[in-house]
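[1] How does the following fold in three dimensions:
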Amino acid sequence: MSFLDENKAKFDNLKVSLEVQQRDQLRRKANGGNSIVFTYNPDEESQYISKAKEILLPDKFKFISIAELLVKFIDQDGIDNFETYYYEFLETTHVIFNSDDSNTDLMDLIIKEIQEAYEIGLTPILIRTGALYGTGIENVNIMEHKSVINMKVPLVIFYPSKIVDENMYFLNFKPASRYRCNVIE
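    Purely as a prediction, here's the structure:
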């Protein structure tokens, strides 16, 4: 199937999943979750994001780039400080990116952007999620956050991955959770 044919069908499925009347069904399929994971081959990420920005209008959707938030997070303390504590916590990267302390970390920045989109009436769409690799933040950490669960609109996560049988692989190799979401393959 050509890219154009495949993405049309996938985007049609996404649009149907976003319809108000589908919300109860989404929560049932997503085990109480409120997220849609839109999968695609990592090699085609730019094409999918371009197409999404073309058909998902900015008056209804807000695209949130995880890559840009990662850069913003690193810029908070500067690259030299980041490099130092990254190597100190290499085995426990979640301590840097998703800690429970009062310092603003990457997870805090992600949730803040999601909440801000929701508060102004937009459906949040996470893009460039490959930037999460190595942070200790998994898609399920975001999907299970109380702010996401309690939104009246679903969170959409553009997710570079492949699906083999019933198993999803982030970036085509790292096992990923399908729990708490509706997966669009």
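
[2] Averaged pLDDT, the longest strand belonging to the chain. What do you get?
    Ranked by number of residues, the top strand in the chain under DSSP state E is strand 155-164. Mean pLDDT, strand 155-164: 96.

[3] chain center to stretch 51-63: distance?
    In terms of C-alpha atoms, centre = their mean, to the nearest Å, the gap separating the centre of stretch 51-63 from the centre of its chain is 15 Å.

[4] And it, end to end?
    12 Å (C-alpha to C-alpha, to the nearest Å).

[5] Kindly report the same for stretch 136-146.
    End-to-end distance for stretch 136-146, by C-alpha to C-alpha: 19 Å.

[6] one step back: what lines up beside the longest strand of the chain in the sheet?
    Under the criterion DSSP bridges, strand 155-164 sits next to strand 35-40 (parallel), strand 123-127 (parallel), strand 167-170 (antiparallel) in its sheet.

[7] center of this protein - which residue?
    The centroid of the chain falls nearest to residue 157 when counting by C-alpha atoms, centre = their mean (3.4 Å).

[8] for this structure, what's the longest helix?
    helix 3-18 (DSSP state H).

[9] where does the next helix or strand after it sit relative to the chain's centre, distance-wise?
    The helix or strand immediately downstream of helix 3-18 is helix 23-29, counting by DSSP states H and E. Between the centre of helix 23-29 and the centre of its host chain there is 18 Å, according to C-alpha atoms, centre = their mean.

[10] Check which helices and strands helix 23-29 sits against.
    On a contact count with 3 or more C-beta pairs under 8 Å, 6 or more residues apart in numbering; DSSP states H and E, helix 23-29 meets no helix or strand. Where C-beta positions appear, they are placed from N, C-alpha and C, glycine not excepted.

[11] Could you export that helix as PDB, keeping only the C-alpha atoms?
    Output of helix 23-29 as PDB, limited to C-alpha atoms (Å, rounded to 0.1, in the frame of the first residue of the first chain):
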ATOM      1  CA  ARG A  23     -15.200   9.000  23.700                       C
ATOM      2  CA  ASP A  24     -16.900   6.400  25.900                       C
ATOM      3  CA  GLN A  25     -15.800   3.600  23.500                       C
ATOM      4  CA  LEU A  26     -12.300   5.000  23.600                       C
ATOM      5  CA  ARG A  27     -12.200   4.800  27.400                       C
ATOM      6  CA  ARG A  28     -13.500   1.300  27.300                       C
ATOM      7  CA  LYS A  29     -11.000   0.100  24.700                       C
END
